[in-house]
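Undergrad: Sequence unavailable; structure follows:
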């Protein structure tokens, strides 16, 4: 419990600096997987570290030691961590579990609402056209999911651009992009330092859908034009009725009331050659996640040895 337990905490301070390079330089599908895994693994590893540190504080309490018949003084001498560190770790652990639990509950309710909304929508080939002059389009997850497009968006786009829009939204459903967003946000809920990963995932899923549409049409410039045109059409639109936060739209939003995503970055990426897999960034990310996992395992082993040394079996 001397060094290993602090390694995941240190990595959670440093690793988010790589979120932007991953999202910009790696192929979007690979970047989404790496970013989501980073948020989940580091979120879990830091939570484990906080739990281990909190336990070292609990076993030093004379009351608990008396009830469990182990040596509190032995625990104090065997583990060099300060009681104040264990106390802070316990408070942070409680906050992390509470925040992550609330996030899971809210996300489950949101996805259930989305599935119910999707099931109640009359559809043809999974497409729902709503009579609304405000330009908007989004993918609504469900069993099956739906692509929802307003008449205002249909009027704003040419037929070829409309096909690009459908390809983009259907890519969200086919790739289960809402799940990546939810999992990345779960890691960030457990550890707020990991929020850059969750933010980057909301960008890379849009890039993933952009690249899917570009590969289907074979014209990256036309896809870039459609993304930019849709953003301009929606710039001055009035607020729409509330849509579930599980919805993923062409403009990089989770629901029409959220701010538009970084559309200029996406357009610039589409006008450039397709990004590669960038093996160096992939290897570095894998090494960081492996280090966090191994450090957590080593810290858990150290705690096991500590518990045995003070008489806890």
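TA: Looks like it arrived, so ask away. From a predicted model like this one, the values you see are computed outputs, not experimental measurements. Numbers count the residues shown, from 1 in each chain.

Undergrad: what's the distance between the helix or strand hosting residue 283 and the middle of its chain?
TA: Remark: residue 283 resides in helix 279-309, with elements defined by DSSP states H and E. Put simply, helix 279-309 sits 21 Å off its chain's centre (Cα atoms, centre = their mean, to the nearest Å).

Undergrad: in that helix, what's buried?
TA: Buried residues in helix 279-309, counting neighbours by 16 or more other Cβ atoms under 10 Å, are found at 281-282, 284-285, 288-289, 291-293, 295-296, 299-300, 302-303, 306-307. Placement of C-beta: from N, CA and C, glycine included.

Undergrad: Same question for stretch 269-278.
TA: Quick answer for stretch 269-278 (16+ other Cβ under 10 Å): 269-270, 275, 278.

Undergrad: Give me the contact list for that stretch.
TA: 24-28, 30, 207, 210-211, 214, 220-221, 223-224, 227 (Cβ atoms under 8 Å, 6 or more residues apart in numbering).

Undergrad: Please pick the buried ones from those.
TA: 24, 26-28, 30, 207, 210-211, 214, 220, 223-224, 227.

Undergrad: related to what we said a few turns ago, the helix holding residue 283 - contacts with which helices or strands?
TA: If contacts are counted by 3 or more Cβ pairs under 8 Å, 6 or more residues apart in numbering; DSSP states H and E, helix 279-309 sits against helix 7-14, helix 19-25, helix 28-58, helix 72-78.

Undergrad: how about the ones you listed, which one is nearest residue 112?
TA: helix 28-58 (21.5 Å; Cβ to Cβ).

Undergrad: quick check: mean pLDDT across the closest one?
TA: On average, the pLDDT along helix 28-58 is 93.

Undergrad: Next: stretch 300-309.
TA: On average, stretch 300-309 scores 74.

Undergrad: Is residue 134 located within a strand, as I assumed?
TA: No - applying DSSP: H, G, I helix; E, B strand; the rest coil, one finds residue 134 to be coil, outside a strand.

Undergrad: Tell me where the model's unsure across the stretch 1-150 of the chain.
TA: 1, 59-82 (pLDDT under 70).

Undergrad: Nearest to residue 108, out of the helices and strands packed on helix 279-309?
TA: helix 28-58 (16.8 Å).

Undergrad: so how far is the closest one off the chain centroid?
TA: With Cα atoms, centre = their mean, you get 12 Å for helix 28-58.

Undergrad: Show me what that helix packs onto, helices and strands only.
TA: Against helix 28-58 (3+ Cβ pairs under 8 Å, 6+ apart) you get helix 7-14, helix 19-25, helix 83-120, helix 177-190, helix 195-217, helix 279-309.

Undergrad: And these: which comes nearest residue 53?
TA: Nearest to residue 53, of all the helices and strands packed on helix 28-58, is helix 83-120, at 3.6 Å by Cβ to Cβ.

Undergrad: Which residues belonging to that closest one are considered buried?
TA: 85-86, 89-90, 92-93, 96, 99-100, 103, 107, 110-111, 113-115, 117-118.

Undergrad: quick one on the thing from earlier: okay, and which of the buried residues of stretch 269-278 map to helices?
TA: 269-270 (DSSP state H).

Undergrad: Am I right that residue 273 is in a strand?
TA: No - looking at residue 273 with three-state DSSP, it is coil, so not inside a strand.

Undergrad: going forward can the numbers begin at 11, since that is how I track them
TA: Will do, 11 is the new start, and the previous item becomes residue 283.

Undergrad: Tell me the spacing between residue 136 and residue 282.
TA: 31 Å (Cβ to Cβ, to the nearest Å).
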